[in-house]
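Asker: can you look at this prediction? I've put the sequence above it.
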Amino acid sequence: MAIPLFINPTAGRGRAGKSTASLRLLLDANEIDYNLIESSFSGDIEEQVAATTSNGVREIIVAGGDGSIHEAVNGVMRGGGTAALGVIPMGTGNDFVKSCSIPLHWEDATTLLADRIRSGAPIRSVDIGRMNERFFSNGAGIGFDAQVTRIAQNMRWPIGDLVYLLAVFRGMWAGIGTPELQIACLGETYEGSVTLVNVSNGEWVGGMFNIAPGARNDDGELNLVYADAVSRRRVLSLLPKLLRGTHLREPEITHRQIKRCTIIAAAPVPSHLDGEIQPLQTCFDFEIVENGLRLL
């Protein structure tokens with residue numbers, strides 16, 4: 001049976017669409033039988049994956065970025081959670097594939113995936129997270145993290161990961177919000193103003209920020225990282241440390257390894273899942289779903 005291949009042509013600021021013909025040639029050369037399905041609007045991949053996997057399809061492939069993977073994962077979970085997912089990275093940050101040791105270059109990733117499919121390589125499982133009723137493969141952010149993500153999504157310059165760094169500076173210029181949050185986990189409760197909260201399944205966000213150094217998506221835990229309210233100047237001094245992954249030693253930063261966590265905001269705040277902006281909310285329930293996703 002042909003494997004459904006879902007591709008987001010807008011991923012990587014249009015790079016995926018431009019590479020579709022080359023991707024087809026490479027899959028044909030590797031003798032992979034597939035059925036190409038292009039998404040046409042936000043949420044389309046999730047809906048089509050949910051419908052496809054609900055009908056008993058056991059293997060699918062998604063070509064795109066972290067947002068496309070996010071949709072595919074939620075579609076798989078809606079379809080029963082048993083279908084195995086193959087990933088071809090064609091996005092900007094590609095944070096999830098870094099955590100899965102999948103090659104960053106789409107040609108190499110496609111060749112490796114084709115080899116695994118042809119040889120019948122064992123399916124491997126990784127953890128995923130859940131925030132309220134939505135799943136995430138790599139990470140969730142609340143506060144400044146979500147503000148930066150929204151800015152980056154609205155930028156169309158073909159500068160790769162640097163778009164997120166530029167978005168940080170634009171976010172600082174616009175003003176850094178410090179919402180009042182209550183964070184409860186591991187029998188502890190923190191109450192106060194924060195600059196950002198990140199709940200990570202993998203190490204990286206925005207392609208270049210090592211937000212949760214040492215995080216693994218197969219260890220049965222999420223990594224909670226939050227920062228106290230800080231000034232623009234302090235954000236600037238913390239930025240190089242975030243890039244290197246040395247920020248966890250700073251006094252404003254709190255890091256915990258968790259299985260579940262509840263965050264309540266005094267007023268609705270922005271958030272994102274895998275770089276996908278979510279509706280304003282005040283209550284966030286997080287938990288790990290161990291071995292929740294099967295990878296080809």
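Answerer: Received it, and whenever you're ready, just let me know what you need. Residues are numbered from 1 along each chain as shown.

Asker: so where is this structure shaky, pLDDT-wise?
Answerer: For the chain, the stretches with pLDDT under 70 are 152-162, 164, 167-169, 171-175.

Asker: can we see that at 80?
Answerer: Residue ranges of the chain with pLDDT under 80: 13, 93, 144-177, 207-208.

Asker: sheet partners, orientation included, of the top strand by length along it?
Answerer: Longest strand of the chain, by residue count under DSSP state E: strand 276-295. Strand 276-295 has its sheet partners listed here by DSSP bridges as strand 84-89 (parallel), strand 124-131 (antiparallel), strand 260-273 (antiparallel).

Asker: most tightly packed of the ones you listed?
Answerer: Each of the strands paired with strand 276-295 was scored by mean neighbour count; the highest is strand 84-89, a mean of 24, by mean count of other Cβ atoms under 10 Å. C-beta here means a position set from N, CA and C on the backbone, and glycine is covered the same way.

Asker: on contacts alone, who are the packing partners of the helix or strand just after that strand?
Answerer: On the C-terminal side of strand 84-89, the nearest following helix or strand under DSSP states H and E is helix 95-99. If you count contacts as 3 or more Cβ pairs under 8 Å, 6 or more residues apart in numbering; DSSP states H and E, helix 95-99 packs onto helix 66-78, strand 84-89.

Asker: now residue 32: closest residue in space that isn't a chain neighbour?
Answerer: Nearest residue to residue 32, sequence neighbours excluded (Cβ to Cβ, 6 or more residues apart in numbering): residue 114, at 5.1 Å.

Asker: can you say which of the strands paired with strand 276-295 is nearest to residue 143?
Answerer: Of all the strands paired with strand 276-295, strand 260-273 sits nearest to residue 143, with 6.3 Å by Cβ to Cβ.
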